[in-house]
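1. predicted model and sequence follow; I will ask about them next.
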Amino acid sequence: MFNGRRLSCPVPKANFELSKNLVDYQHQAKLLIRRLTPGSPSRCSLVAGTHHFHYLLEAGVCYLILAAANFPRQKAFSFLEEVQTQFSGQYANDIFTVSRPYGFIEFDRDLQKLQQKYTDTRVSSNVSQLNVALQDVQRIMIQNIDDVLKRGEALSELDAQANDLSSLSRNYRQDANALNLQSAYTKYLIIIGVVLIILSFLYFRFLCLPGWLEK
């Protein structure tokens, strides 16, 4: 996933329970992608009912899978690491030029081979050969996806409130500047009025009044 666009997508294996909830999981995955930022954990597991989302963020690309809750996390992240290595090795120079969803659909063949490798118990039973060390996996954060999505909504609301406050503050400053300008105009008008009164008095006192007295 890059900039909200799906670059490739493996074909899910037949699973009644997964198929029944697939739409919900797809919706959660889309929301999750929107919530991720450059400051998000680079690796994380998210509990979603009977399944877990596992994702890896690398060079602006999100590698995301959905696996059964009992699927070993070590295998899940080893799978993601291998997907990331193969994908970036083939398309590192093309990622930033993608302009449509599924721009690298041909990578599905590689995904299916890797999927077979990690789900076939005869092949993947040797855990010691996995790319990700167990102690590294244990340090990867586990969260509840509902909490993450709600937190994202709360952050969105806070952003909206912050924007509203910023707008109100900007309007307040504009109103304050207008009032200050109006106050300055009023002050200058009063000064001008006083000066005119004084000049009128002086004119009447020293120019007009002597002439009248002589008459």
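-> Here it is on my side, so go on. Computed from a predicted model, the values in this text were never measured in an experiment.
2. any stretches of the chain with poor pLDDT?
-> Along the chain, the model assigns pLDDT under 70 to residues 1-20, 121-135, 152-215.
3. now the helices for the protein?
-> Ranges of helices in the chain, per DSSP state H, are 16-20, 22-35, 73-91, 108-119, 121-124, 134-138, 145-203, 209-214.
4. buried stuff in the third one?
-> Okay, so that is helix 73-91. Neighbour-count burial for helix 73-91 flags 73-84, 87, 91 (criterion: 16 or more other C-beta atoms under 10 Å). Every residue, glycine included, has its C-beta placed from N, CA and C.
5. show me what it packs onto, helices and strands only.
-> Packing partners of helix 73-91 (3 or more C-beta pairs under 8 Å, 6 or more residues apart in numbering; DSSP states H and E): strand 43-48, strand 51-58, strand 61-68, helix 108-119, helix 134-138.
6. need the buried residues of helix 73-91 in TSV with distance to Leu64, can you?
-> TSV is the format used below for the buried residues of helix 73-91 (distance: C-beta to C-beta, whole Å):
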residue	distance to Leu64
Arg73	14
Gln74	17
Lys75	16
Ala76	11
Phe77	12
Ser78	15
Phe79	11
Leu80	8
Glu81	13
Glu82	15
Val83	10
Gln84	11
Phe87	12
Tyr91	17
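7. so which of the residues you listed is the closest to Ala59?
-> Ranked by distance to Ala59 (C-beta to C-beta), the buried residues of helix 73-91 are led by Gln84 at 8.7 Å.
8. surely the closest one touches Leu57?
-> No. Using C-beta atoms under 8 Å, Gln84 is not in contact with Leu57, being 9.6 Å away.
9. so what sits against both of those two?
-> Taking C-beta atoms under 8 Å, 6 or more residues apart in numbering as the contact rule, Gln84 and Leu57 both touch Tyr63.
10. Serialize the helices and strands packed on helix 73-91 to TSV and add fields for mean neighbour count and distance to Arg35.
-> What follows is those, written out as TSV (neighbours: other C-beta atoms under 10 Å; distance: least, C-beta to C-beta, whole Å):
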stretch	mean neighbour count	distance to Arg35
strand 43-48	20	10
strand 51-58	21	11
strand 61-68	19	11
helix 108-119	15	24
helix 134-138	12	22
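11. out of these, flag the one nearest Leu22.
-> So among the helices and strands packed on helix 73-91, strand 61-68 is nearest, using C-beta to C-beta, at 9.1 Å.
12. what is that closest one packed up against?
-> Packed next to strand 61-68, using 3+ C-beta pairs under 8 Å, 6+ apart, are helix 22-35, strand 51-58, helix 73-91.
13. what lines up beside that strand in the sheet?
-> Strand 61-68 sits in its sheet next to strand 51-58 (antiparallel), going by DSSP bridges.
14. now do the end-to-end distance for stretch 33-43.
-> Stretch 33-43 has an end-to-end distance of 13 Å (criterion: C-alpha to C-alpha, to the nearest Å).
15. right, I'll leave it there.
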